[in-house]
Structure formats: structure tokens, C-alpha cells
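Peer 1: my questions are about this predicted structure, shown below with the sequence.
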Amino acid sequence: MIFTKSLAYLNGKEEWGVKIFYDRQMLSQQISENDKTLLALKAGATGKSTGLAYFSRKKFSEALEEQVERSSDGYAQDSHNRLTACAEASCLLQNQAKEAAGRQEEMVLNGAYLIEKEKVVSFRAELEKLGQQYGPSGFYYEFTGPWPAYNFAVGAGEEPLEDE
């Protein structure tokens with residue numbers, strides 16, 4: 001019964017993968033040049049004694065690193081939310097290390113999306129919009145598939161996907 005229900009749920013749908021990578025240096029540069037708080041910290045270091053300038057630079061570096069983390073997490077979450085809205089279901093997978101992914105950039109999201117076949121075009125359009133919005137900040141989107149829907153199939157002993 002579970003197997004039949006799972007097949008019915010997956011009928012007409014495909015699994016697609018999206019990996020989001022970002023260039024930390026590019027994002028850092030953009031933030032350091034545009035964030036008002038960071039610009040004020042940078043300006044505050046000018047003209048100070050060597051010791052005070054050191055602490056001001058250290059405070060700037062820490063605030064920049066915090067803002068980079070916050071921004072990368074926020075951009076990834078926004079991307080996932082928007083892609084999930086275009087899909088029947090989604091799940092987050094383990095991010096891969098740079099070496100495993102074969103990229104220089106850091107992976108910030110690894111997601112699987114179950115999409116109705118006739119909605120793949122609109123999903124790709126949303127992905128394109130995300131690339132245009134976050135690409136200038138150093139974000140790259142890798143779209144793969146279709147894959148067998150193994151992240152969305154119900155196995156033995158698991159709860160059915162939908163209520164009867």
C-alpha cells in the first residue's frame with residue numbers, strides 16, 4: 001500500500017538538484033564597500049594611533065566576517081524558499097566540501113526539489129532570477145537532473161506521503 005501510494009505521489013514529477021556556491025572574497029568585497037556600519041568602522045580607524053588602528057581594523061574584520069556569514073545564509077535561505085514555492089516538495093542535503101564538489105567556491109546550499117514535469121520551465125525561470133539577483137554578490141547556481149526521485153520516495157516502514 002505504501003509503495004503504491006508513493007508511486008502515485010511521484011507520478012508526473014521529477015527530482016532536480018540545486019547546489020549554490022559562493023565566492024567568499026567577492027561577497028566580502030561587496031559588503032565592505034556597501035555596508036554603512038562597516039564603512040563607518042573603516043573610517044573610524046583612519047588617523048588613530050597604531051594600537052587603536054589595530055583594534056579598529058580587528059573590529060572591522062570581525063564585523064565583516066559576521067556580515068558575510070549572515071548574508072550568505074540569508075541568500076541561501078531566500079533561494080531555497082523561492083525554489084520550494086515552485087516545487088511540490090523539497091529537502092536539504094548535506095553540503096559538500098570544496099574538494100568533493102570540485103569547485104573553488106564554498107557550497108552554501110545543496111537541495112533536492114520534486115517538480116511536476118510541466119512546471120520545470122517555471123522552476124528554471126525562478127532559478128534564473130535568483131542568479132541575476134545574487135550573482136553580482138558572487139553566488140553561482142548549479143542545476144542538475146532530472147534524477148530518480150529517491151529523496152522523495154517512501155521506503156518500507158516509513159509514513160505515507162499524504163493522508164488517505
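Peer 2: Happy to help now that I have it.
Peer 1: all strands of this protein, in order?
Peer 2: Along the chain, counting by DSSP state E, strands occupy 13-22, 89-92, 106-116, 139-147.
Peer 1: need those strands in JSON lines (columns: mean pLDDT and mean neighbour count).
Peer 2: From N, CA and C alone the C-beta is placed, and that goes for glycine too. As requested, the strands of the chain are exported to JSON lines (pLDDT from 0 to 100; neighbours: other CB atoms under 10 Å):
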{"stretch": "strand 13-22", "mean pLDDT": "95", "mean neighbour count": "21"}
{"stretch": "strand 89-92", "mean pLDDT": "94", "mean neighbour count": "16"}
{"stretch": "strand 106-116", "mean pLDDT": "95", "mean neighbour count": "21"}
{"stretch": "strand 139-147", "mean pLDDT": "95", "mean neighbour count": "15"}
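Peer 1: and those strands: which comes nearest Leu64?
Peer 2: strand 13-22 (14.9 Å; CB to CB).
Peer 1: tell me the helices and strands packed up against the closest one.
Peer 2: helix 50-85, strand 106-116, helix 120-134, strand 139-147 (3 or more CB pairs under 8 Å, 6 or more residues apart in numbering; DSSP states H and E).
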